[in-house]
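Asker: need a 3D model of the sequence below.
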Amino acid sequence: MKSGVSGLCKNIDTFSPLGPWIVTADEIHDAHKVTMQLRVNGEPRQNSNSGKTLVKIPDILSHYSPMGYSPGDVVSTGTVSGGTTFSRDPQARYLKVGDVVECEIEGIGILRNRIVSWEEAYGRKPAALAAQETPS
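Answerer: Reported below is the predicted structural model:
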């Protein structure tokens, strides 16, 4: 939390999908005993329990509360063990166009997203790439 890296990464456009629905606190018996799994193309990449997170929800809320919360705000809590950031296989870190990512949280459901190219999403190349291809 001190570095702010976790918060920064979750706030870049398209980097923090939510769903397929959001539940209220009364719908989760114990937020620190929830099984979570992340799969890429059906292959488990993370499989753990929220009880193993390094920073607990009350600590996160306390840390960021001076910034103020408004009704409807969503606070991201981090990830469980098994992330690919420290993987020995560098290729395992990167998602590719066509990959399907599934995030499953016990008692909530599965969020499934397919990775698409910029061109598929917006119907054109990113401005920076288009400018590089334009002859001078």
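
Asker: which residue is nearest the centroid of the chain?
Answerer: Among the residues of the chain, the one closest to the centroid is Ser16, at 4.9 Å (CA atoms, centre = their mean).

Asker: and that residue, which of the three is it?
Answerer: Using DSSP: H, G, I helix; E, B strand; the rest coil, the structure places Ser16 in coil.

Asker: hmm, it is touching Ser76, no?
Answerer: Yes - assessed by CB atoms under 8 Å, Ser16 is found in contact with Ser76 at 6.5 Å. Yep, even glycine has a C-beta here, placed from its N, CA and C like the rest.

Asker: for Gly107, see how far away the spatially closest residue to Val100 that is not a sequence neighbour is.
Answerer: Using CB to CB, 6 or more residues apart in numbering and skipping residues adjacent in sequence, the residue nearest Val100 is Arg114, 5.1 Å away. Counting by CB to CB, to the nearest Å, the gap from Arg114 to Gly107 is 25 Å.

Asker: ranges for the strands of the protein?
Answerer: 35-40, 43-49, 100-105, 109-114 (DSSP state E).

Asker: okay if I get these as CSV plus mean pLDDT and distance to Tyr122?
Answerer: Shown next, in CSV, are the strands of the chain (pLDDT from 0 to 100; distance: least, CB to CB, whole Å):
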stretch, mean pLDDT, distance to Tyr122
strand 35-40, 91, 23
strand 43-49, 88, 27
strand 100-105, 92, 20
strand 109-114, 92, 15
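
Asker: with distance to Asp89 and mean neighbour count added, can I get the ones you listed in CSV?
Answerer: Formatted as CSV, these follow (distance: least, CB to CB, whole Å; neighbours: other CB atoms under 10 Å):
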stretch, distance to Asp89, mean neighbour count
strand 35-40, 12, 18
strand 43-49, 11, 14
strand 100-105, 17, 16
strand 109-114, 22, 13
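
Asker: dump the ones you listed into JSON lines; add distance to Trp21 as well.
Answerer: Putting those into JSON lines (distance: least, CB to CB, whole Å) gives the following:
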{"stretch": "strand 35-40", "distance to Trp21": "16"}
{"stretch": "strand 43-49", "distance to Trp21": "21"}
{"stretch": "strand 100-105", "distance to Trp21": "11"}
{"stretch": "strand 109-114", "distance to Trp21": "7"}
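
Asker: that concludes my questions; thank you for your assistance.
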